[in-house]
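Participant: The sequence and its predicted three-dimensional model are supplied below.
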Amino acid sequence: MTSIFSGKTDLHSMQKEGRNLLRLAGPILTAHLAQQALAFTDTVMAGRVGSADLAGVAVGASLWIPISLFLYGVLLAVTPMVAQLHGAGRTEEAGPLTRRGIWLALPMVLMAIFCLRHAGGVFVLMDVVPQVGWIAGRYLRAIVWGLPAAAVFFLLRNLSEGMGLVRPSMLIGLASLPVNVVSNYIFIYGKLGFPALGGVGCGYASAVTLWFMCACMFGTVVRGRLYKDTHFFDLRRSCGKEGAGQILRLGFPIGCSLLVESSVFALIALFLAPLGAIVVASHQITLNYSATVFMIPLSISSAITIRIGHAIGADSPASARLTARTGLWMNMIVAAVTAVCTVFFAGKIAGLYTGDAKVVALALNLFYFNALYQVSDAYQVGAVAALRGYKDTRIPLLLILVAFWGIALPLGYSLSLTGIWGRPMGATGFWLSLVVGLSLAAFLLGGRLRSVQKRVDGMKVGAVDGGYPSSYGGRRTKRVPGKKTPNQGWGISEW
């Protein structure tokens, strides 16, 4: 890690860059917290029905979240692509690029709907308690109705954030909260003539909320003056060389990275399911809290991607390096503070989720392990975001695979469910393995970021059409210091 922080940097410059990052991260954080509040609302309102409903939502979400995150990750490629276009003064190419993303999203949405609607066999295979599996399966059948809306929302949000316009997603996220609460109230408890669906009602409420968010984001792009330069709705305009293929090449590793990370948590929930509803519920509570706290470094990391994308598009690698260094310091400081708060207030936090003393007691133990990995988690997500701004996504995917699937998951399984290391530790073993996996990911990704920065700083020939290397069909052109060229982005994902 320390290598990323080496080198001389003017403190004033870091302070100035920190303020720039915070201006972006603030609205993004609000939007992320609003999204996490939706999951918190589902957890709390389903938990009030019973532990089986809470466990059913948790098990169902363990499949919904990885698949939806994979879709989000693939489409997230639009953000650095738009950021580099915008930084290079080619905003008019951003709209056509985003439209092409819709054609890419369509087949993925259809496949995801099919998989989620036929996921019942997975619960049987994993020996999930029948009542919990029944709730989880119907929860998934309900929530998939919102998947098309989620894809369109992701694309339009990424277009907006790539341009540095982050307030719309914040306002829409806040507006979605009351919609989700009311929808949950109606479908979970059976109001306004609807039957009481318990945990299954969370799925329908989430679908309604996703369509609301999609409509709001669509309306923002239609009416927003600042989006007119993107030519998103000008169907006759098809300028720019970036198409669905380029989005897929850059986005597929991002989607896989998010899938790898989230699938580890999903598999943990499934592995723990046979141990009973109390164990699953305590894991879900800790996971929900962990995700909520994680929103702070995640938001700063999103700002890192945008700022680095703008810097690379404007042909300023020194600014990109400054952004990465400043953002990583900010992430680690914030994580250290939240880790201390987690340790001191673990009992009170767990009590907010449920009144079940057994669930709270088990969750309390898991909270301490969560505090141990928060700094590493914040660092690795910042490093990934910085690499994404440089359009480097393939090698980070391999490093994440090693850390999570190669180390963390096998270690967690052996600690929790086998006698290899002594008495099986249950949920505690998996959370201990997450500390190891995230620390390793932080170390590996930090090294990759340093390597990429050295390569970019030393490039004599690197500017290419549309910000892509020759492997994407771009034509290499020489970069002359101080001179603007029509090809001002760097894509290094071929390394």
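Facilitator: Sure thing, it's come through. Keep in mind it's a predicted model, so treat the numbers as computed, not measured.
Participant: tell me the secondary structure for the nearest residue to Thr393 once chain neighbours are set aside?
Facilitator: Leaving aside its sequence neighbours, Thr393 sits nearest to Pro253 (C-beta to C-beta, 6 or more residues apart in numbering; 3.9 Å). C-beta here means a position set from N, CA and C on the backbone, and glycine is covered the same way. At Pro253, secondary structure determined by DSSP: H, G, I helix; E, B strand; the rest coil is helix.
Participant: Distance check, Ala88 against Ala314.
Facilitator: 7 Å (C-beta to C-beta, to the nearest Å).
Participant: With neighbour numbers in mind, choose between these two.
Facilitator: The neighbour comparison of Ala88 against Ala314 (other C-beta atoms under 10 Å) goes to Ala88, with 24 against 17.
Participant: Show me what whichever helix or strand Leu174 is part of is packed against.
Facilitator: Using DSSP states H and E, Leu174 maps to helix 167-189. Contact partners of helix 167-189 among helices and strands, from 3 or more C-beta pairs under 8 Å, 6 or more residues apart in numbering; DSSP states H and E: helix 11-47, helix 147-162, helix 200-223.
Participant: Pull out the buried residues from the first one.
Facilitator: Buried residues in helix 11-47, counted by 16 or more other C-beta atoms under 10 Å: 14, 17-18, 20-21, 24-47.
Participant: Please apply the same query to stretch 98-106.
Facilitator: Buried residues in stretch 98-106 (16+ other C-beta under 10 Å): 98-101, 104-105.
Participant: same thing with stretch 350-363?
Facilitator: 350-351, 353-354, 356, 359-360, 362-363.
Participant: For the stretch 301-450 of the chain, which segments count as strands?
Facilitator: Under the criterion DSSP state E, counting those that start in this stretch, the stretch 301-450 of the chain carries no strands.
Participant: who touches Ala31 in this structure?
Facilitator: Applying C-beta atoms under 8 Å, 6 or more residues apart in numbering to Ala31 gives the contacts 166, 169-170, 172-174.
Participant: and those residues, which are buried?
Facilitator: 166, 169-170, 172-173.
Participant: which stretches of this protein aren't confidently modelled?
Facilitator: 1-9, 126-127, 236-243, 266, 273-274, 427, 459-495 (pLDDT under 70).
Participant: So what touches stretch 138-151?
Facilitator: Stretch 138-151 has contacts (C-beta under 8 Å, 6+ apart) with 56-57, 60-61, 63-64, 68, 71-72, 75, 102, 105-106, 108-109, 112-113, 116-117, 119, 199-204, 206-211, 213-215.
Participant: swap the cut-off to 7 Å and go again
Facilitator: 56-57, 60, 63-64, 68, 71, 75, 105, 109, 112-113, 116-117, 119, 199-200, 202-204, 206-207, 210-211, 214 (C-beta atoms under 7 Å, 6 or more residues apart in numbering).
Participant: same deal with stretch 385-401?
Facilitator: With C-beta under 7 Å, 6+ apart as the test, stretch 385-401 has contacts from 80, 250, 253-254, 256-257, 260-261, 301-302, 304-305, 308-309, 312, 320, 324, 327, 384, 441, 444-445, 448-449, 452, 456, 467, 490-493, 495.
Participant: How far does that stretch sit from its chain's centre?
Facilitator: Relative to its parent chain, stretch 385-401 has a centroid offset of 14 Å by C-alpha atoms, centre = their mean, to the nearest Å.
Participant: do stretch 270-285 as well
Facilitator: When distances are taken as C-alpha atoms, centre = their mean, stretch 270-285 is centred 23 Å away from the chain's centroid.
Participant: With stretch 430-450 instead?
Facilitator: 17 Å.
Participant: again, but for stretch 423-431
Facilitator: The answer for stretch 423-431 is 26 Å, by C-alpha atoms, centre = their mean.
Participant: now swap in stretch 286-295 and tell me
Facilitator: Using C-alpha atoms, centre = their mean, the offset of stretch 286-295 from its chain centre is 12 Å.
Participant: Go ahead and name everything in contact with it.
Facilitator: 29, 32-33, 36, 39-40, 43, 265, 338, 349, 363, 366-367, 370, 374, 377.
Participant: So which of the helices and strands packed on helix 167-189 is nearest Ile333?
Facilitator: helix 11-47 (10.2 Å; C-beta to C-beta).
Participant: and the angle for the following helix or strand past that closest one with helix 147-162?
Facilitator: Per DSSP H and E, the first helix or strand lying C-terminal to helix 11-47 is helix 51-75. Using axes from the mean of the first three to the mean of the last three C-alpha atoms, to 10 degrees, the inter-axis angle of helix 51-75 relative to helix 147-162 is 50 degrees.
Participant: And the next helix or strand past helix 51-75?
Facilitator: Counting by DSSP H and E, what follows helix 51-75 is helix 78-87.
Participant: name the helices or strands packed onto the following helix or strand past that next one?
Facilitator: The first helix or strand that comes after helix 78-87 along the chain, using DSSP H and E, is helix 94-117. Contacts defined by 3 or more C-beta pairs under 7 Å, 6 or more residues apart in numbering; DSSP states H and E place helix 94-117 against helix 51-75, helix 78-87, helix 130-143, helix 147-162, helix 244-272.
Participant: circling back to that earlier point, list the buried residues for the helix holding Leu174?
Facilitator: In helix 167-189, counting by 16+ other C-beta under 10 Å, buried: 168-170, 172-173, 176-177, 179-181, 183-188.
Participant: cool, and stretch 398-410?
Facilitator: So stretch 398-410, judged by 16+ other C-beta under 10 Å, has buried residues 399-400, 402-405, 407-409.
Participant: do stretch 313-333 as well
Facilitator: 313-317, 319-332.
Participant: which ones among those residues are found in helices?
Facilitator: Residues of the buried residues of stretch 313-333 located in helices (DSSP state H): 313, 317, 319-332.
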